[in-house]
Structures are given as structure tokens and as C-alpha cells.
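Visitor: From the sequence below, what's the structure:
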Amino acid sequence: LISTHQFVSTFSSKELESLKAKHERLDTTFINVKGGVRHLQSKLEYARQSIGMSAITLTDSSIVAVLESIDDLLQHMIIKIKDHDDETLLMADYNDNKDQTVGNSMIDNFDLLNGCEIFEDRPFNQRINVSA
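Guide: Numbering: from 1, shown residues only. This is a model prediction of the structure:
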């Protein structure tokens, strides 16, 4: 009788620890999801305001609604981009810098970055031209 109670007690404590670990993993995942949704919401704030969509306050129970509004916003932006013949909405900075380069290739645009802070902070992270 005592051995069966010890077995049940041991089994229950192991199951409790397993469920506790699972709950902690789910809690961490939920926190990461909420942080990611908050990041998306903040990055798309300007686009949301320019379209005139209303903001939804992010709470634990409104994550799905916020994701749906982000989806609607991104679909609206994709439609808007597809309506344009060129990609000026996405490539504004690239198009501004393209006129300063010799050609249209992306490699030519790396020359524009030579004076950038990244290359001052990371001297080994630079592109060099290798002649053939």
C-alpha cells in the first residue's frame, strides 16, 4: 500500500515538473509572439496612419485582431505597389542613390557606402574590387 502511494506520488511529481516546463516554454513563446506583433505594429504605424486605418491596442486577448489588421494593411500595401508600374514606394532610397552610380547593378551601389559608419566600425567587413 505504501509503495503504490510512493509510486503515485513520484509519478505525479514528475508529471507536474513536465507540465511546469511545458507551461514555461509556452509562456516564453507567447511573450516572444507578443513582442514580435508589437514590433510589426510599430514598424507599420506610419503606413497605417497614411492609409487611415484605426489602431488596435495590443493586449493578450487582442493579438489575433492586431495580426489581422497587420495582414489587411500589408495586403493593401501590396495592392498599392502592384498598381504602380515602378517600385518607387519600396525603392525610394535606392532610386535616389542610383543616379549617383555608373550603372544600375547593386555592386555599383556598394561604392556609395565606402564612407559609411559601418565600414569605420568594422574595417574587415568591406568589399574590395579584385581585378581579373
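Visitor: and the longest helix seen in the chain, what other elements does it pack with?
Guide: In the chain, taking DSSP state H as the definition, the longest helix is helix 2-43. Helices and strands touching helix 2-43, by 3 or more CB pairs under 8 Å, 6 or more residues apart in numbering; DSSP states H and E, are helix 63-83. C-beta: built from backbone N, CA, C; applies to glycine.
Visitor: quick one, the helix it packs on and helix 2-43 angle?
Guide: 40 degrees (axes from the mean of the first three to the mean of the last three CA atoms, to 10 degrees).
Visitor: Outside of helix 63-83 itself, list whatever touches it.
Guide: 33-34, 37, 40-41, 44, 47-48, 51, 53, 56, 58, 87, 89-90 (CB atoms under 8 Å, 6 or more residues apart in numbering).
Visitor: Of these, which pair is most distant in space?
Guide: For these, the maximum inter-member distance is 32.5 Å, found between K34 and E87 (CB to CB).
Visitor: Just want to know which of those two has more residues nearby.
Guide: Using other CB atoms under 10 Å, the more surrounded residue of K34 and E87 is K34, with 15 against 11.
Visitor: so what's the more buried one closest to, chain neighbours aside?
Guide: Leaving aside its sequence neighbours, K34 sits nearest to I63 (CB to CB, 6 or more residues apart in numbering; 6.3 Å).
Visitor: Can you flag the buried ones in the contacts of helix 63-83?
Guide: 37, 41, 44, 47-48, 56, 58 (16 or more other CB atoms under 10 Å).
Visitor: For this structure, name the helix or strand with the lowest mean pLDDT.
Guide: Lowest on mean pLDDT, DSSP states H and E among the helices and strands of the chain sits helix 106-109, with a mean of 46.
Visitor: so where's the chain shaky on pLDDT?
Guide: 1, 84-132 (pLDDT under 70).
Visitor: and with 90 instead?
Guide: 1-8, 46-55, 76-132 (pLDDT under 90).
Visitor: Beyond the longest helix of the chain, next helix or strand please.
Guide: helix 45-51 (DSSP states H and E).
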